[in-house]
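In: Sequence first, predicted model second:
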Amino acid sequence: MKHNRLFLVIFFVLSSLLAFYGVWIFSQNLNEEEPWTFAVICDTRGGSEYSNTGVNDIILKAMAKDIVKDGCDLVLVPGDMINGYSKDNNLSTEKQFENWKTAMSSVYNAGIKVYTVRGNHESGGSIDPAFKDAYFQVFGADNPDNGPKDEKDLTYSFIHKNALFIGIDEYADHNTHKVNQKWVDSQLKNNSQQHIFFFGHEPAFRVNHKDCLEVYPENRDEFWNSIGDAGGQVYFCGHDHFYNRARIQDDSGNEIYQVISGSGGAPFAEWDPSKGKENSRFKLEYHNQVDYGYSLVTVDRDKVNIEWKAWNGSSDPIWVTKDSFQLE
């Protein structure tokens, strides 16, 4: 009888543990399968004619509030957050960065993680070390500390759920307009995540600005090929003040999207879409140089939907999707 009772107790305990473990595993799988979102905003700096904070506060605040409504997990910011060397009202670079964080306060207050990399307006043309010091002071602690030796807190990678993110600083003192390819390769070598998202300030393939990764085409092509070889399908950038989406093949024929989300508040740039036909690899799919907006990415297991949400111009901002595409 005692043995039978002991057996029953052991059986009950083991059954309970297995049931609990099974429920826990099931709930974990459910959580992993739930769609999640992140936003990409870029070129949010002000213009001297309408900003005295270094930031386009009106547009950035409006985008920040909508990003919170979107329920985003995180925000990528590929540079030119502030005027920087334009020195609005003689504000220091650090003060302009602080103004940027203030305009983004609804995002920070919601607990949404923000990941930034520098643009040319934050780097000071890689001349004045005070620009880098100011960036470290305000944003350094927010960035993962796993970048190359001379690019700590500037270039970095991180994993979120089923995705690897790689943020690239393209203004290192010794590496302007280049990607630290050796480091990028090291991040991709042992990647086991389902999705990979790259972001940096400069377009890989020239659209408007001449000063982009195309300055060094061999390094650029090596970078583009590494994206394709790793199964990546998109590179987010800015620098050009508009929204522009193009498909560009790597040397193996893999199609990769270059998404310029430079519509975050900086003075708009004009560009003739027909110029995209000059490069046979560059297949323009959508261009907008008149609306402010940001990219919203929804990851649903093996599928990724990317949309560009534009402000419709109303006094009470209403954001409408004007471009949308899928990665599979």
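Out: Yep, it's here. In this text the structure is predicted, and so the values were computed from the model without any measurement.
In: Not counting sequence-adjacent ones, nearest residue to Ser105?
Out: Nearest residue to Ser105, sequence neighbours excluded (Cβ to Cβ, 6 or more residues apart in numbering): Ala64, at 7.4 Å. Yep, even glycine has a C-beta here, placed from its N, CA and C like the rest.
In: ditto for Gln233
Out: With sequence-adjacent residues excluded and distances taken as Cβ to Cβ, 6+ apart, Gln233 is closest to Leu327, at 4.6 Å.
In: For the one you found, which residues are in contact?
Out: Contact analysis of Leu327 by Cβ atoms under 8 Å, 6 or more residues apart in numbering lists 195, 233-234, 257, 303-306.
In: For Pro317, state which of those residues is nearest.
Out: Ile306 (20.8 Å; Cβ to Cβ).
In: Tell me what that closest one is bridged to.
Out: Val297, Phe325 (DSSP bridges).
In: what does the model give it for pLDDT?
Out: On pLDDT, Ile306 comes in at 98.
In: Count the neighbours of it for me.
Out: Around Ile306 there are 23 other residues, counting by other Cβ atoms under 10 Å.
In: I'd say it and Asp300 touch.
Out: No. In this structure Ile306 lies outside contact range of Asp300 using Cβ atoms under 8 Å: 11.8 Å.
In: Give me the neighbour count for Tyr108.
Out: 16.
In: cool, and Ser186?
Out: Ser186: 12 neighbours (other Cβ under 10 Å).
In: Please tell me how far the residue lying closest to Ile168 once chain neighbours are set aside sits from Tyr235.
Out: Closest residue to Ile168 apart from its sequence neighbours, by Cβ to Cβ, 6+ apart: Gly200 at 3.7 Å. Using Cβ to Cβ, to the nearest Å, Gly200 is found at 7 Å from Tyr235.
In: mind checking how far stretch 60-80 is from the chain centre?
Out: In terms of Cα atoms, centre = their mean, to the nearest Å, the centre of stretch 60-80 is found 10 Å from the chain centre.
In: average pLDDT for that stretch?
Out: Mean pLDDT, stretch 60-80: 97.
In: so where is the stretch 101-250 of the chain shaky, pLDDT-wise?
Out: Applying pLDDT under 70 to the stretch 101-250 of the chain flags the ranges 124-128.
In: Do a quick rundown of the helices in it.
Out: 105-109, 120-123, 129-139, 181-189, 217-229 (DSSP state H, counting those that start in this stretch).
In: Just name the most buried of the ones you listed.
Out: Stretch with highest mean neighbour count among these: helix 120-123 (a mean of 24; mean count of other Cβ atoms under 10 Å).
In: Contacts for it, please.
Out: Helix 120-123 is contacted from outside by 45, 79-86, 93, 131-132, 135, 171, 201, 211, 239, using Cβ under 8 Å, 6+ apart.
In: Which residues in stretch 312-319 does the neighbour count mark as buried?
Out: 317, 319 (16 or more other Cβ atoms under 10 Å).
In: what's around the residue nearest to Ile168, how many residues?
Out: Look at Gly200: counted by other Cβ under 10 Å, it has 27 neighbours.
In: again with the one 3 residues further on
Out: Burial of Pro203, expressed as a neighbour count using other Cβ under 10 Å, amounts to 25.
In: do the one 10 residues further on as well
Out: Summarising burial for Leu213: neighbours were counted as other Cβ under 10 Å, giving 26.
In: Pull the distance from stretch 135-152 to the chain's centre.
Out: 16 Å.
In: With stretch 275-284 instead?
Out: Distance of stretch 275-284 from the chain centroid (Cα atoms, centre = their mean) equals 24 Å.
In: about what we covered before: what subset of the contacts of Leu327 is buried?
Out: Neighbour counting by 16+ other Cβ under 10 Å classes 195, 233-234, 257, 304-306 among the contacts of Leu327 as buried.
In: quick one: contacts for Gly264?
Out: Contacts of Gly264 by Cβ under 8 Å, 6+ apart are 41-44, 56, 59-60, 63, 238, 292-294.
In: part of a strand, is Glu285?
Out: Yes. Inclusion of Glu285 in a strand is indicated when DSSP: H, G, I helix; E, B strand; the rest coil is applied.
In: quick one, what contacts the spatially closest residue to it that is not a sequence neighbour?
Out: Excluding its sequence neighbours, the residue lying closest to Glu285 (Cβ to Cβ, 6+ apart) is Arg245, at 5.1 Å. Arg245 makes contact with 257-260, 284-287, 308, 323, 325, according to Cβ under 8 Å, 6+ apart.
In: are any of the residues you listed buried, and which?
Out: By 16+ other Cβ under 10 Å, the contacts of Arg245 give 257-260, 284, 287, 308, 323, 325 as buried.
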